[in-house]
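K.L.:
Below is the sequence, then the predicted model.
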Amino acid sequence: MQVCCAILLCTLMVEWLEKTSSSHAAPLHEWEQDSTDVHRIHTGSHEFTYWKNFMRHTRTCDISQKVKTIVYYCDLHNHTKSESIHVETVHSEGHS
Ligand SMILES: [Zn+2]
Ligand SMILES: [Zn+2]
């Protein structure tokens, strides 16, 4: 008798847990693009040579990464999330 009750209670518990967890897992967000921001991150420098007036010149070129950050805002829960996208690698001396 007691065992039966325990099993029944257990089944009910599992059912209840499944119900609550599935309703929690539903990702019901309303993400809306809030703002975008483009910034550069300096990642290093290197030397490169070029020819000008039959002379060999050496210059230092700074390398930076252009990163775009998009901020999303969820009106339902009043929270934000952000996403960063690498746009391009920029060389300060503009060489190829
Ligand atoms: Zn949300
Ligand atoms: Zn460069």
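P.N.:
Ah, there it is. In this text, all values refer to a predicted model and were calculated from it rather than measured experimentally. Ligands and ions are numbered 1, 2, ... in the order given.

K.L.:
what's around the residue lying closest to residue 36 once chain neighbours are set aside, how many residues?
P.N.:
Counting by C-beta to C-beta, 6 or more residues apart in numbering, residue 36 lies nearest to residue 70, which is 5.1 Å off, once chain neighbours are set aside. In this view, the C-beta of every residue, glycine as well, is placed from N, C-alpha and C. Per other C-beta atoms under 10 Å, the neighbour tally for residue 70 reads 14.

K.L.:
Do you know the pLDDT at residue 70?
P.N.:
At residue 70, the pLDDT value in this model is 97.

K.L.:
so it is in which element?
P.N.:
Element membership for residue 70 (DSSP states H and E) is strand 55-74.

K.L.:
before we move on, the earlier item: spit out the contact partners of the residue nearest to residue 36.
P.N.:
Contact analysis of residue 70 by C-beta atoms under 8 Å, 6 or more residues apart in numbering lists 33, 35, 36, 82, 83, 84, 85.

K.L.:
Out of the residues you listed, the closest to ligand 2 would be?
P.N.:
residue 85 (21.9 Å; C-beta to the ion).

K.L.:
can you map out the strands along the protein?
P.N.:
For the chain, the strands defined by DSSP state E occupy 31-52, 55-74, 79-91.

K.L.:
Do the first one and ligand 1 come into contact?
P.N.:
Translated: strand 31-52. No - contact of strand 31-52 with ligand 1 (C-beta under 5 Å from the ion) is absent, the minimum separation being 7.4 Å.

K.L.:
what's the answer for stretch 68-83, then?
P.N.:
Yes - Stretch 68-83 is in contact with ligand 1 by C-beta under 5 Å from the ion, via 74, 76, 77.
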